[in-house]
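Trainee: output the structure for:
(chains A and B)
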Amino acid sequence: MTFDAVVEVRLREGVADPEGATIHSAMGQLGMDRVREVRVGRIFRLSIDADDAGTAEQLAVRAAASLLANPVLEDYEVNVSEQSSDRASPR
Amino acid sequence: MTARIGVVVFPGTNCEHDVVQAVRSVGGEAELVWGGGSELGGVDAVVIPGGFAHGDYLRPGAIARFSPIMAAIAEFAAQGGPVVGICNGFQVLTEAGLLPGALQRNAGLRFVCDTVPVVVCSTGSVLTSDAAPGRELHLPVNHFEGRFVADAETVKRLRDEDRVMLRYAVNPNGSVDDIAGVVSEGRNVAGLMPHPERACDPLLGSTDGVVLLRSLLRSGSGATSTMRATAAGA
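Mentor: This is a model prediction of the structure:
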């Protein structure tokens, strides 16, 4: 089966985010001053072949922990769902 | 016997020839080591030079750290072999866990390209053993992701163990505690953002990098003799 895993990688609490601060400042210039803070993260979309969602999640977590996120600076969240049938890979 | 320095090349590395030339100019031998290979070829010391390994994709050094050569470098370091990471090389070493902390985007999001004063804070490293403590060196920096970060506990540990090797006299990138370079617990793995290889020729405005490369050459000669003696005794 094919699963979609969405890995969100974010800066850890307390890690400075100059890019977020710059974007926040730009929002201010556009009059969006109700935006109190901006933190920039990244989304990785993995398409995984696995027998079940649990196995797919394990693999996605391993990818996140060993490669996609730098544990000194970042943490991550993984969400797995079954890929919808119209997107399934042809056999 | 002159030390042989292995200068590692990943796809996207661009400072390897400068390092080779600088090492030779101070009397050492140098050769390129391909990152895709798994052998160091019996070199006495390793330098991971600057550049944009793997295009800095994902994070600087994040992909290079999984290159085949890194297992050999980790083993070499575990045996006490001198390893120096310059700029992108420093990033690779932190990603590989051979040095603590991480290199983040510069504060203020400016690409810094300048010659800056750095101070020798610890001479207990393969790169600064010949330098005078407190000496100010003028070294070029050239980076966008050079801000050294580490949690408070790690910074305290580095300070307590005299492992902050170099500090910026004027911090160009927001590095915590003005840290420009650090050394491992074993004092044989060193990383720094400034480029010593670009400060070995009076034509380039500073020769302050010479003392650092000479320290490395001396460490390379010493370390290899020790490692050979250990191997012979085993």
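
Trainee: how about the residue in chain B that chain A sits nearest to: what's its closest non-neighbour residue?
Mentor: Nearest residue of chain B to chain A, counting by C-beta to the nearest C-beta: B:Ala102, 4.0 Å away. Using the backbone N, CA and C atoms, a C-beta is placed for each residue, glycine as well. Of all residues not flanking B:Ala102 in the chain, A:Val72 sits nearest, at 4.0 Å (C-beta to C-beta, 6 or more residues apart in numbering or on different chains).

Trainee: pretty sure that neighbour contacts B:Ala150?
Mentor: Yes: if you go by C-beta atoms under 8 Å, A:Val72 and B:Ala150 touch, sitting 7.0 Å apart.

Trainee: list the residues that contact both of these two?
Mentor: Residues touching both A:Val72 and B:Ala150 by C-beta atoms under 8 Å, 6 or more residues apart in numbering or on different chains: B:Gly101, B:Ala102.

Trainee: what about the closest residue to B:Val141 other than its chain neighbours, neighbour count?
Mentor: Spatial nearest neighbour of B:Val141, excluding adjacent residues (C-beta to C-beta, 6+ apart): B:Pro194 at 5.0 Å. Residues near B:Pro194, counting by other C-beta atoms under 10 Å in any protein chain shown, number 31.

Trainee: and if you look at the one 5 residues further on?
Mentor: With neighbours defined by other C-beta under 10 Å, the count for B:Ala199 comes to 24.

Trainee: and the gap between the residue lying closest to it once chain neighbours are set aside and B:Val84?
Mentor: Leaving aside its sequence neighbours, B:Ala199 sits nearest to B:Gly209 (C-beta to C-beta, 6+ apart; 3.4 Å). As for B:Gly209, its distance to B:Val84 is 12 Å (criterion: C-beta to C-beta, to the nearest Å).

Trainee: those two: which is more packed in?
Mentor: Counted by other C-beta under 10 Å, B:Gly209 and B:Val84 do not tie: B:Val84 has more neighbours, with 32 against 24.

Trainee: close enough to count as contact, that one and B:Leu99?
Mentor: No: B:Val84 is not in contact with B:Leu99 according to C-beta under 8 Å; the separation is 10.5 Å.

Trainee: what's the overlap in contacts for these two?
Mentor: By C-beta under 8 Å, 6+ apart, B:Val84 and B:Leu99 have these common neighbours: B:Val189, B:Ala190, B:Gly191.

Trainee: hey, what's the first one bridged with?
Mentor: So that's B:Val189. Beta-bridge partners for B:Val189, by DSSP bridges, are B:Val83.

Trainee: run through the residues that contact it.
Mentor: Counting by C-beta under 8 Å, 6+ apart, B:Val189 has contacts B:Ala77, B:Pro82, B:Val83, B:Val84, B:Gly85, B:Leu93, B:Leu98, B:Leu99, B:Val126, B:Val183.

Trainee: would you list those residues in JSON lines and tack on pLDDT and distance to B:Ser38?
Mentor: Shown next, in JSON lines, are the contacts of B:Val189 (pLDDT from 0 to 100; distance: C-beta to C-beta, whole Å):
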{"residue": "B:Ala77", "pLDDT": "98", "distance to B:Ser38": "15"}
{"residue": "B:Pro82", "pLDDT": "98", "distance to B:Ser38": "20"}
{"residue": "B:Val83", "pLDDT": "98", "distance to B:Ser38": "16"}
{"residue": "B:Val84", "pLDDT": "98", "distance to B:Ser38": "20"}
{"residue": "B:Gly85", "pLDDT": "98", "distance to B:Ser38": "19"}
{"residue": "B:Leu93", "pLDDT": "98", "distance to B:Ser38": "18"}
{"residue": "B:Leu98", "pLDDT": "98", "distance to B:Ser38": "17"}
{"residue": "B:Leu99", "pLDDT": "98", "distance to B:Ser38": "22"}
{"residue": "B:Val126", "pLDDT": "98", "distance to B:Ser38": "23"}
{"residue": "B:Val183", "pLDDT": "98", "distance to B:Ser38": "26"}
